[in-house]
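Visitor: Starting from these lines, generate the structure:
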Amino acid sequence: MPSEHAPLTRAALRLVLFLIALVLPSRAVDADLGDIVFERKSSVAEEYPPATFPHYLHRMQFKCHVCHDDIFPMRAGASGITITMDRIQAGQDCGTCHNGTIAFQATFNSCPLCHRP
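Guide: Reported below is the predicted structural model:
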């Protein structure tokens with residue numbers, strides 16, 4: 001029989017794991033866990049580090065079908081689109097959730113959350 005505190009315990013565990021991953025160097029949470037480091041193609045590529053998508057952290061909170069295949073095809077690069085800040089801020093791609101309501105809003109104040117050195 002499941003405990004009445006089980007959902008709270010799972011939520012607390014996800015929060016702790018998320019916070020631990022935020023303080024780890026970006027290379028400590030790497031491809032072994034399914035993270036995706038996006039290649040920079042803009043003229044400011046040298047100014048900012050590439051964005052890192054922490055797939056493992058997202059998987060701790062959401063089931064695959066939340067993003068796949070409606071927002072992102074299951075295979076990297078399969079959509080043929082280039083994810084840009086303009087697209088994200090227009091509510092596309094990552095911006096579907098990173099809109100300030102579901103998750104932190106992707107703004108120039110939140111750059112280090114994705115563009116980690």
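
Visitor: what's the closest non-adjacent residue to Thr52?
Guide: Val37 (5.1 Å; C-beta to C-beta, 6 or more residues apart in numbering). From N, CA and C alone the C-beta is placed, and that goes for glycine too.

Visitor: So the one you found versus Cys114, what's the distance?
Guide: For Val37, the distance to Cys114 equals 11 Å [C-beta to C-beta, to the nearest Å].

Visitor: hey, where'd the helices end up in this structure?
Guide: All helices of the chain, identified by DSSP state H, fall at 6-23, 55-61, 85-89, 111-114.

Visitor: Pro49 is nearest to which of those?
Guide: helix 111-114 (9.2 Å; C-beta to C-beta).

Visitor: returning to that earlier point: distance-wise, check the residue nearest to Thr52 relative to Leu13.
Guide: Separation of Val37 from Leu13 (C-beta to C-beta): 26 Å.

Visitor: more neighbours, those two?
Guide: More neighbours surround Val37 than the other of Val37 and Leu13, with 15 against 11 (other C-beta atoms under 10 Å).
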